[in-house]
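# Sequence below, structure please.
(one chain, ligands or ions: 1)
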Amino acid sequence: MDCTQAIRARRSVRRYKKGAAVPPEHLHRLLEAAMMAPSAVNSRPWEFFVVENEQTKEALMQAHPACRMLETATLAIVVCGRPDLQPRHNFWQQDCAAAVENILLQATDLGYGSCWCGCYPAQPRTDDVARVLATQAVPVAIVAIGVPDEAPPAKGYYDPARVRYLR
Ligand SMILES: Cc1cc2nc3c(=O)[nH]c(=O)nc-3n(C[C@H](O)[C@H](O)[C@H](O)COP(=O)(O)O)c2cc1C
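Residues are numbered from 1 along each chain as shown. Below is the predicted model of the structure:
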């Protein structure tokens with residue numbers, strides 16, 4: 001699958017084959033893709049929590065009102081911002097969003113489904129998710145990863161009305 005195909009094939013998947021394996025080499029590819037995202041002044045203001053145990057997944061579902069898909073997902077990658085690593089700028093949210101999108105596209109290429117569950121700036125979920133992870137970093141998104149057990153239709157589409165050409 002090339003980049004063009006991955007962008008078009010990606011969907012938010014909310015039902016997965018429970019118990020399906022994500023081998024360590026695939027998990028590494030996902031995290032590598034995340035950390036290859038661009039970041040302001042190359043500050044890389046992020047930190048990643050890989051949640052595989054059921055107890056912590058359950059705690060995340062309690063902390064975040066819209067991530068019930070973790071019930072069947074094999075794992076979650078929680079992408080967290082580290083504003084302290086970017087003291088002279090405030091682009092860390094965007095940097096983390098770029099990392100999230102890279103994870104989604106890499107997951108698609110590897111044949112996994114994924115779902116971006118936003119945290120920051122919504123409260124109290126951001127603080128609640130940070131508490132579950134016992135971190136000072138700022139949770140930006142919980143990304144569910146697993147083998148899809150549904151094939152949702154595409155929701156994204158090209159809308160020419162959203163484009164202005166300055167020629
Ligand atoms: C910032 C952000 C936050 C999101 N948060 C959630 C969420 O909490 N729960 C969820 O099920 N989906 C969440 N989504 C997924 C969107 O609902 C989904 O991307 C949108 O409906 C378009 O569908 P598609 O991803 O299949 O193209 C989020 C997406 C983004 C970009």
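
# how about the strands in this structure?
Secondary structure of the chain, counting by DSSP state E: strands at 46-51, 75-81, 113-118, 138-146.

# Could you dump the ones you listed into CSV with distance to residue 27 added?
For every residue, glycine as well, the C-beta is placed using N, CA and C. Shown next, in CSV, are the strands of the chain (distance: least, CB to CB, whole Å):
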stretch, distance to residue 27
strand 46-51, 7
strand 75-81, 7
strand 113-118, 13
strand 138-146, 8
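
# Do I have it right that residue 27 meets residue 50?
Yes: here residue 27 reaches residue 50: they are 6.7 Å apart, a contact under CB atoms under 8 Å.

# more crowded one of these two?
residue 27 (17 against 13; other CB atoms under 10 Å).

# Give me the longest helix you can find in this structure.
In the chain, assigned by DSSP state H, the helix with the most residues is helix 92-109.

# Give me the contacts around that one.
Residues outside helix 92-109 that contact it (CB atoms under 8 Å, 6 or more residues apart in numbering) are 1, 3, 6-7, 9-10, 29-31, 33-40, 43-46, 77, 79-83, 85-86, 113-114, 116, 120-121, 138, 140-141, 143, 145.

# repeat that for 7 Å
Helix 92-109 has contacts (CB atoms under 7 Å, 6 or more residues apart in numbering) with 1, 6-7, 9-10, 29-30, 33-40, 45-46, 77, 79, 81-83, 86, 114, 116, 120, 140-141, 143, 145.

# Just the buried ones from those residues?
Taking 16 or more other CB atoms under 10 Å as the criterion, what is buried in the contacts of helix 92-109 is 6, 10, 29-30, 33-34, 37, 39-40, 45-46, 77, 79, 81-83, 86, 114, 116, 120, 140-141, 143, 145.

# Nearest spatial neighbour of the residue nearest in space to the middle of the chain, chain-adjacent residues omitted?
Nearest to the mean C-alpha position of the chain, by CA atoms, centre = their mean, lies residue 143 at 3.4 Å. Using CB to CB, 6 or more residues apart in numbering and skipping residues adjacent in sequence, the residue nearest residue 143 is residue 77, 4.6 Å away.
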